[in-house]
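*Asks:* Next one to model:
(one chain, ligands or ions: 1)
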Amino acid sequence: MAEGPLVHYYASRLKRVLDGRYASIELRLPRFKPSEVSLKRVKVREVEAYGKQFRIWLEGGKVLFVHLMMWGSWGIYRKGQPWERSGERARAVIRTSTHEAVVFSAPVVRLLTREEFENHPRWGRVGPDPLRKDFSRKDFYNRLAKRPEMPIGEALLDQSIISGVGNILRIEALFRAGVHPRRKTAALSPRDRRALLRWIVSFMKRWLDDRNSASRWMKIYRKSGKPCPRCGAKIESFRQAGRITFACPNCQC
Ligand SMILES: [Zn+2]
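*Replies:* Next up is the predicted model:
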């Protein structure tokens, strides 16, 4: 489960060991032979987090693009330190003179040119990320306005509208804002939108600062059939955008 805050956390650790360093990059994908060194010596310009994406920009204009989806993870090790997961699960290994950064089990690992990346229909044009300095709330509202018929619970998981919001963040922010996940985006008042975004940003920052904080601010995630902490009504659950969502039928309308 890699929601935006976890991606930013990993990226900040990766930056410390990779930014400005020379590295070899070994891709272990089915179409490459095992252990084939894909790039022998390349300077890492910058590790960037964008929503749920890792973009590792390399000298010469290429980008190593990684998306962990539901199963992937990173391991960051000092040279020689044993990995805590099997090497068979490694999808990419980035080696510097002092460290090894390993992507385990991630379904999406690609080496792309900047152009290929920017023109990619799914990865290249994602919505604004509230954890980035370049976040624009206006951009988010405009993207919402283009999908007036879409239920807000689906819109929040659509990475072309907003980046980095996963299932837990959407459920809890909608609950705090008093907005039902099935409400269409066009039916949100400016006040609803502001409240929703405020809660999203607040939870994202708390989660980034303290990765164990979610248990303190989660109120209804996986609480199907349990009483709502605010009004006592039974929390309902249903499928939306392929994921189980939770809502209070009384507090959220
Ligand atoms: Zn309630």
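
*Asks:* these two touch, right, residue 144 and residue 184?
*Replies:* No: Residue 144 lies out of contact with residue 184 (C-beta atoms under 8 Å); the separation is 10.4 Å. Just so you know, the C-beta spots here come from the backbone N, C-alpha and C atoms, and that holds for glycine as well.

*Asks:* the more surrounded of those two?
*Replies:* Neighbour totals were compared for residue 144 and residue 184, and residue 144 leads with 23 against 14 (other C-beta atoms under 10 Å).

*Asks:* Regarding the more buried one, what is its secondary structure?
*Replies:* Secondary structure state of residue 144, per DSSP: H, G, I helix; E, B strand; the rest coil, is helix.

*Asks:* nearest spatial neighbour of it, skipping sequence neighbours?
*Replies:* Nearest non-adjacent residue to residue 144, counting by C-beta to C-beta, 6 or more residues apart in numbering: residue 185, 4.9 Å away.

*Asks:* got a list of what the one you found touches?
*Replies:* By C-beta atoms under 8 Å, 6 or more residues apart in numbering, the contact list for residue 185 reads 144, 145, 147, 148, 149, 150, 151, 152, 155.

*Asks:* from what I can see residue 236 touches residue 224, true?
*Replies:* Yes: when contacts are counted by C-beta under 8 Å, residue 236 is listed as touching residue 224 (7.0 Å).

*Asks:* gap between the residue nearest to residue 144 and the ion?
*Replies:* Distance, residue 185 to the ion, by C-beta to the ion, to the nearest Å: 22 Å.

*Asks:* quick one: pLDDT of that residue?
*Replies:* On the pLDDT scale, residue 185 is placed at 98.

*Asks:* Now the two most distant members of the contacts of residue 185.
*Replies:* 145 and 151 (14.8 Å; C-beta to C-beta).

*Asks:* Neighbour count for these two, which is higher?
*Replies:* The neighbour count for residue 145 versus residue 151, taken as other C-beta under 10 Å, is higher for residue 151 (18 against 12).

*Asks:* mind checking how far the more buried one is from residue 3?
*Replies:* 20 Å (C-beta to C-beta, to the nearest Å).

*Asks:* does residue 154 really touch residue 241, like I thought?
*Replies:* Yes: using C-beta under 8 Å, residue 154 is in contact with residue 241, at 4.4 Å.

*Asks:* Fine by me, we can end here.
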